[in-house]
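*Asks:* Structure for the following, please:
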Amino acid sequence: MARREFLSFSPPCIGDEEIAEVVDTLRTDWITTGPKAKQFERDFTAYLGSQGALALNSCTAGLHTSLITLGIGPGDEVITTALTFAATVNVIEHTGATPVLVDVEPDILTIDPAQVAAAITPRTRAIIPVHFGGHPADMDPINAAARAHGLAVIEDAAHALPARYKGEYIGAGANPTSFSFYATKNLTTAEGGMLTGEPDFLDRARVVGLHGMSRDAWKRNAKGGSWYYEVVMPGYKYNMTDMQAALGLRQLQRLDGFQARRTEIHARYDAAFAGCDAIQTPTIRPWAEPSRHLYVLRLHPETLRIGRDQFIEELGARNIGTSVHFIPIHIHPYYRDKYGYAAEAFPITYSNYLREVSIPLNPRMTDEDVNDVIEAVLEVVEAYRA
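*Replies:* Residues are numbered from 1 along each chain as shown. Model (predicted):
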């Protein structure tokens with residue numbers, strides 16, 4: 001029996017603490033980049049144990065800023081995965097460089113290190129692995145290939161807070177690593193992102209991300225600041241506001257609680273679907289502690305009389321919100337037409353895309369919500385068995 005109210009796929013978890021912090025910000029003289037943005041950077045650095053952090057207006061900004069800071073542009077190649085959101089590859093196009101797509105590992109759906117190594121050419125300048133769904137990519141062989149060829153590694157960690165790879169938080173290392181705080185993410189500032197990495201790199205990235213100015217706005221306008229600045233490059237407008245940071249400060253304090261609830265729900269799903277031959281549940285490698293941002297079911301099409309799209313429709317009819325992660329880059333018209341990709345060019349990516357369904361996983365879910373999702377999925381499976 002369908003639930004009475006629609007269960008949104010991934011609503012934000014905003015409480016009184018966040019609301020109070022935003023109101024406090026509105027009552028100060030700083031609503032754009034200011035002391036709370038700086039505090040958020042410090043707190044985020046401390047949480048991850050990273051070398052530093054730069055608050056920006058999106059994960060996309062972090063990826064783009066990283067490429068520009070590294071001087072990547074026309075004539076260069078950047079290797080990334082075909083199974084990601086368009087932003088990962090759009091930023092490569094924005095620099096004038098050429099994106100080189102490779103396929104994913106069949107179990108965890110992150111970029112295949114062997115294919116990364118095979119795709120390196122004399123024009124390659126960087127690799128952008130994506131931590132899909134919050135499960136870390138296998139970074140050791142990727143970093144090793146990058147070191148062997150003198151390449152940069154920029155990690156797309158849009159889904160990966162607070163994931164760990166071999167015991168270390170994603171973003172704690174030296175690689176530039178870009179996080180997303182979009183409304184659906186494990187920590188949200190509505191829109192927003194954070195870039196972590198080495199201090200010298202972040203100092204240069206900070207200039208790129210604020211008009212190419214030699215000093216940022218809050219230092220210029222604070223007591224004791226100087227009105228004088230110089231533009232040292234044609235930069236971008238990528239800074240985070242204090243209103244966004246106010247949300248982030250409180251969300252960061254609640255993140256461990258959010259993660260505990262995500263882990264509980266993930267375990268409930270695993271147990272409920274373990275015996276269902278029509279469903280493949282997410283794989284977790286022994287060296288990974290995922291952020292559990294997504295719970296991606298993969299249907300076994302030979303067991304069902306309906307395809308993925310109708311499966312989603314049936315869940316919707318039962319008031320269960322879903323999504324698909326992701327429509328592969330190479331079948332979007334822009335990339336398909338520009339680079340001449342066939343749908344089967346990346347067979348693991350494409351075949352998994354055709355059978356993926358992301359079901360609700362967020363800390364706002366009650367036990368009853370979780371039960372409703374489980375019941376709806378299993379009901380659809382039983383109704384449409386081959």
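
*Asks:* pLDDT below threshold where in this structure?
*Replies:* 1, 215-222, 224 (pLDDT under 70).

*Asks:* Tell me which stretches of it form helices.
*Replies:* 16-26, 35-48, 59-69, 86-95, 113-119, 139-149, 199-208, 217-221, 242-273, 308-317, 333-339, 347-353, 367-383 (DSSP state H).

*Asks:* Deepest-packed of those helices, please.
*Replies:* helix 59-69 (a mean of 27; mean count of other CB atoms under 10 Å). For glycine as for every other residue, the C-beta is placed from the backbone atoms N, C-alpha and C.

*Asks:* which other residues reach it?
*Replies:* For helix 59-69, contacts defined as CB atoms under 8 Å, 6 or more residues apart in numbering pick out 54, 56, 78, 87-88, 90-92, 94-95, 97, 126, 128, 152, 154, 156-158, 176, 178-182, 193-195, 197, 201, 204-205, 208-209, 236, 238.

*Asks:* ok, back up a step: could I get the helices of the chain in a markdown table, plus columns for distance to residue 298?
*Replies:* Formatted as a markdown table, the helices of the chain follow (distance: least, CB to CB, whole Å):
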| stretch | distance to residue 298 |
| --- | --- |
| helix 16-26 | 35 |
| helix 35-48 | 30 |
| helix 59-69 | 25 |
| helix 86-95 | 21 |
| helix 113-119 | 20 |
| helix 139-149 | 24 |
| helix 199-208 | 37 |
| helix 217-221 | 47 |
| helix 242-273 | 11 |
| helix 308-317 | 9 |
| helix 333-339 | 23 |
| helix 347-353 | 6 |
| helix 367-383 | 12 |
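
*Asks:* Between the ones you listed, which one is closest to residue 293.
*Replies:* helix 242-273 (7.9 Å; CB to CB).

*Asks:* Tell me the helices and strands packed up against the closest one.
*Replies:* If contacts are counted by 3 or more CB pairs under 8 Å, 6 or more residues apart in numbering; DSSP states H and E, helix 242-273 sits against helix 16-26, helix 35-48, strand 53-56, strand 295-299, helix 367-383.

*Asks:* Which stretch among those approaches residue 271 most closely?
*Replies:* helix 367-383 (9.2 Å).

*Asks:* Out of the helices and strands packed on helix 242-273, flag the one nearest residue 308.
*Replies:* strand 295-299 (5.8 Å).

*Asks:* partners of that closest one in the sheet?
*Replies:* strand 279-280 (antiparallel), strand 356-359 (antiparallel) (DSSP bridges).

*Asks:* Turn those strands into a markdown table, columns for distance to residue 139.
*Replies:* As requested, those are exported to a markdown table (distance: least, CB to CB, whole Å):
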| stretch | distance to residue 139 |
| --- | --- |
| strand 279-280 | 24 |
| strand 356-359 | 23 |
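
*Asks:* tell me the most buried of the ones you listed?
*Replies:* strand 356-359 (a mean of 22).

*Asks:* Other residues contacting that one?
*Replies:* Under CB under 8 Å, 6+ apart, the answer for strand 356-359 is 9, 133, 269, 294-299, 308, 311-312, 315, 320, 322-325, 373, 377.

*Asks:* same thing but 10 Å
*Replies:* With contact meaning CB atoms under 10 Å, 6 or more residues apart in numbering, strand 356-359 is reached by 7, 9-10, 83, 109, 133, 265, 269, 273, 279-280, 293-299, 308-309, 311-312, 315, 320-327, 370, 373-374, 376-377, 380.

*Asks:* Look up the residues forming beta bridges with the residue nearest to residue 58 when sequence neighbours are not counted.
*Replies:* Spatial nearest neighbour of residue 58, excluding adjacent residues (CB to CB, 6 or more residues apart in numbering): residue 193 at 4.7 Å. On the basis of DSSP bridges, residue 193 is bridged to residue 56, residue 180.

*Asks:* so how far is residue 187 from the spatially most central residue of the chain?
*Replies:* Ranked by distance to the mean C-alpha position of the chain (CA atoms, centre = their mean), the top residue is residue 158 at 1.6 Å. Separation of residue 158 from residue 187 (CB to CB, to the nearest Å): 11 Å.
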